[in-house]
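Okay, predicted coordinates and the sequence, questions at the end:
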Number of protein chains: 2
Amino acid sequence: MNETADHVRELARKARIAGLHLAHATGPDRRSILLAVADELSRADVRARLLAANAEDMHEAEGRRDRGELSVALVDRLALSDKKLDALCDGLGQLADQADLIGQVQLERELDDDLVLRRVSCPLGVLGVVFEARPDAVPQITGLALRTGNAVLLKGGHEARRSNAALVQCLQGTLRTQGFDPAAIALLEDRAEVDALLSLDREVDLVIARGSSAFVHHVQSRTTIPVLGHAEGLCHLYLHHSASPPMAARIAVDAKCSYPAACNAIETLLWEPGAEPALVATVAALQQRGVELRGCEATRARHPELRPATEEDWATEYGDMILSIRRIEHIDAAIAHIERYGSRHTEAIVADDEMAAATFLAAVDAAGVFHNASTRFADGYRYGLGAEVGISTGKLHARGPVGVEGLVTYRWLLRGHGQVASDYGPGKRAFKHRNR
Amino acid sequence: MNETADHVRELARKARIAGLHLAHATGPDRRSILLAVADELSRADVRARLLAANAEDMHEAEGRRDRGELSVALVDRLALSDKKLDALCDGLGQLADQADLIGQVQLERELDDDLVLRRVSCPLGVLGVVFEARPDAVPQITGLALRTGNAVLLKGGHEARRSNAALVQCLQGTLRTQGFDPAAIALLEDRAEVDALLSLDREVDLVIARGSSAFVHHVQSRTTIPVLGHAEGLCHLYLHHSASPPMAARIAVDAKCSYPAACNAIETLLWEPGAEPALVATVAALQQRGVELRGCEATRARHPELRPATEEDWATEYGDMILSIRRIEHIDAAIAHIERYGSRHTEAIVADDEMAAATFLAAVDAAGVFHNASTRFADGYRYGLGAEVGISTGKLHARGPVGVEGLVTYRWLLRGHGQVASDYGPGKRAFKHRNR
């Protein structure tokens, strides 16, 4: 373990130094790196190598899936293809063309004559990213990190290890040919190395944890490094009495069925007296899609075929084709239910009544609050952020889908001519505080 | 303990509801509250009440100081006076006149026709603030919270408990007369209540911890709520060979002696070959002020009267009239020393050479990086932020002195007309992503 800790600390230190070169490069240089990565990932020989490594991962995973050890969804996410690589190259190109966020003067203020304060944006430094068995995350995350001048230590799901290693090798090679130190990107091998990473609070500036809620909680409880990750996605859809029945049904089906394991899928449907037509249409549409519905007593009075929902259901992120349904008395009760059980991820109202929508949008405390739209829109690509490293349900630094802005911080730079603080104050010199 | 936990949870829940009214008020309403607080704190009868409560705290504290139980500095900070209250009223007036940060549309983007995304600023919600025995912090912190529509649970040092209670009563009274719920401000009584607060990760959005490094670490290790606080202030002053000797001496004296217990005071002086004239002037000035100097071997070769410095000295925040001095070979070694031992608070170079200054300002990773200015300028008032809740040495969310901006987050609000995410994607509808 000690050897592991030393090894990971060494990787992190080298990554920090390599990252400084990225940080001090120009915006166009950082842009060029991303375009070069996209070029590399478009080359036939590179693709052959990546797909061969992926085929080995897939072969092993398919065997385990057939023995019931891995889920179908995991194996789907594990697969690389020319189509996925094309999409990755497109994404890298879009990221390359985004405005560079490093070195921006966010504020410039003369504290006094010849004493000038500037707040200037800069990279965070070294990111530790732990993510699921999904190899396309490697160029996505690395692209976001490089675009913002950050170094990155990556640890992906074990099932994707060969694919990840091939991708990291390709990315490091591109860094080298672009004149940068490949140590800015490193791949960790196993959980012991992740544990070592989590203890490096001087060497690692931000941990990004992706995966199950349990996994994110595990990471948060083991480190004092700030963690960016969504611990949970317990989202609601609330049918106001003015809800259009076909719209309610369409949004509910999309929000539950298009990707039930996604964090932005809904887990509970709330309806109020007067919303019965919308409820009937929604229940029918969801039943047709094979969703298991669990209702409160008032809901079951209308739909006795539903399984009874218990208190536990309101607090459960199913991540599956299951939905709980509860009648609440009015909009305030819907807001209170969401305040109590929601995970502050994404919450939606279906209503034709603009006043009700305005009330809901003003009152609900969540990263995303939607009116007449599916919760599934809560996503970095859909928001037009270019890419995301994850969706944050915390309120600090970055909230909701986190793109490049979440990987940037700032420093306060002060240039003087020998001024000292004790010359200022009541009865002494006064600050001028002139913004420029 | 269970009763305490329930009581604090109830305070936090009431504070959240009361805070929502502040959040939904207009900017001018929030401004009026601060002006009303300043008016109240200017009234003779209110002042008489506050100063009487403070006199009781002072009487007890002075007795304990005389028995050696409390430091002189603590008792100084504890004292309220008309002058301090005048300064507080001035500060509240300035804060009132700052631009309102709530409800700002930070981004507005049409994802598609009739599907509009807005990123809108909003308060964090409920702040828990634990601070030293310094009653002027009560109106300062509460002012920052109210200006940004946040509710606040306060716990100040025990020695100031009567002063704090009188101040909170006055603040709550002003909220009431302004038509807001006084439950938006609550005062915790003891450490058990603080422990209870730290466990309320659903009810409390941000903990601000002020005080000693040990105390901040203690808080950080006991909660999963994000903590904003400076764990340490280990700042350096680096004398480049081009440093002006009188400027070096003047800055070093200010940065060490004007308030040695402050987090932005320096703990180590670095000098390089060629900077001997600046070193000599600085050592003489510091010795004249009675600073205990500890030197590395190379420093002691020139100044044999210095006590030897050990490895431990480089890693120590003295918070006292002690300074360690080390010779380093060149600017890169200075940067490396700071990277290794610094706390990323504030770092300064004295140099006439502009290239050296530019290198230092570009390379040092700290909240503040200064050229030819005292580290003591790292302060919310001096930066012109109006006020500060503390200085953050973390890199996320807010860095350096934290004013109103650190108490604000945002939500993503999406308004559609029934759109669903599965209608978009390759071969389907494309997003428009038009910024407005």
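Nice, thanks for sending it over. Numbers count the residues shown, from 1 in each chain, chains lettered A, B, ... in the order given.

for A:V152, helix, strand, or coil?
Under DSSP: H, G, I helix; E, B strand; the rest coil, A:V152 falls in the strand class.

where exactly do the helices run in the stretch 251-400 of chain A?
With DSSP state H, counting those that start in this stretch as the criterion, the stretch 251-400 of chain A has helices at A:276-288, A:297-302, A:311-314, A:331-341, A:354-363, A:380-383.

Redo the ones you listed as a markdown table? Include mean pLDDT.
Converted to a markdown table, the helices of the stretch 251-400 of chain A look like this (pLDDT from 0 to 100):
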| stretch | mean pLDDT |
| --- | --- |
| helix A:276-288 | 98 |
| helix A:297-302 | 98 |
| helix A:311-314 | 97 |
| helix A:331-341 | 96 |
| helix A:354-363 | 97 |
| helix A:380-383 | 91 |
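
So which of those is the most surrounded?
helix A:380-383 (a mean of 22; mean count of other Cβ atoms under 10 Å in any protein chain shown). In this view, the C-beta of every residue, glycine as well, is placed from N, C-alpha and C.

on contacts alone, who are the packing partners of that one?
In terms of contacts (3 or more Cβ pairs under 8 Å, 6 or more residues apart in numbering or on different chains; DSSP states H and E), helix A:380-383 is packed against strand A:400-402, strand B:105-112.

The first one and chain B, are they touching?
This means strand A:400-402. Yes. Legend: contact between strand A:400-402 and chain B by Cβ under 8 Å from any Cβ of the partner chain is shown at A:G400, A:P401.

Those residues of the stretch 251-400 of chain A touching chain B, which are they?
Residues of the stretch 251-400 of chain A lying near chain B (Cβ under 8 Å from any Cβ): A:251, A:253-255, A:258, A:357, A:361-363, A:365-374, A:376-379, A:382-384, A:394-397, A:399-400.

quick one: which of those sit in strands?
Mapping these onto strands (DSSP state E) picks out A:G368, A:V369, A:F370, A:H371, A:N372, A:A373, A:G400.

Export the residues you listed to JSON lines and append columns for pLDDT and neighbour count.
Below are those laid out as JSON lines (pLDDT from 0 to 100; neighbours: other Cβ atoms under 10 Å in any protein chain shown):
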{"residue": "A:G368", "pLDDT": "97", "neighbour count": "27"}
{"residue": "A:V369", "pLDDT": "98", "neighbour count": "24"}
{"residue": "A:F370", "pLDDT": "98", "neighbour count": "32"}
{"residue": "A:H371", "pLDDT": "98", "neighbour count": "21"}
{"residue": "A:N372", "pLDDT": "98", "neighbour count": "23"}
{"residue": "A:A373", "pLDDT": "98", "neighbour count": "31"}
{"residue": "A:G400", "pLDDT": "94", "neighbour count": "27"}
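
wait, which of the residues you listed is closest to chain B?
A:A373 (3.2 Å; Cβ to the nearest Cβ).

Which helix or strand contains the spatially closest residue to the closest one that is not a sequence neighbour?
Spatial nearest neighbour of A:A373, excluding adjacent residues (Cβ to Cβ, 6 or more residues apart in numbering or on different chains): B:G416 at 3.2 Å. Assigned by DSSP states H and E, B:G416 belongs to strand B:408-419.

Quick one: list the elements packing against that strand.
Using 3+ Cβ pairs under 8 Å, 6+ apart, strand B:408-419 is in contact with helix A:245-257, helix A:354-363, strand A:368-373, strand A:400-402, strand B:105-112, strand B:115-123.

so which of the ones you listed comes closest to A:D82?
strand A:400-402 (26.7 Å; Cβ to Cβ).

name the helices or strands packed onto that closest one?
helix A:380-383, strand A:390-392, strand B:408-419.

Quickly run through the sheet partners of the shortest one, with directions.
Strand A:390-392 has the following sheet partners, assigned by DSSP bridges: strand A:400-402 (antiparallel).

How about the longest one?
The partner list of strand B:408-419 in its sheet, established with DSSP bridges, is strand A:368-373 (parallel), strand B:115-123 (antiparallel).
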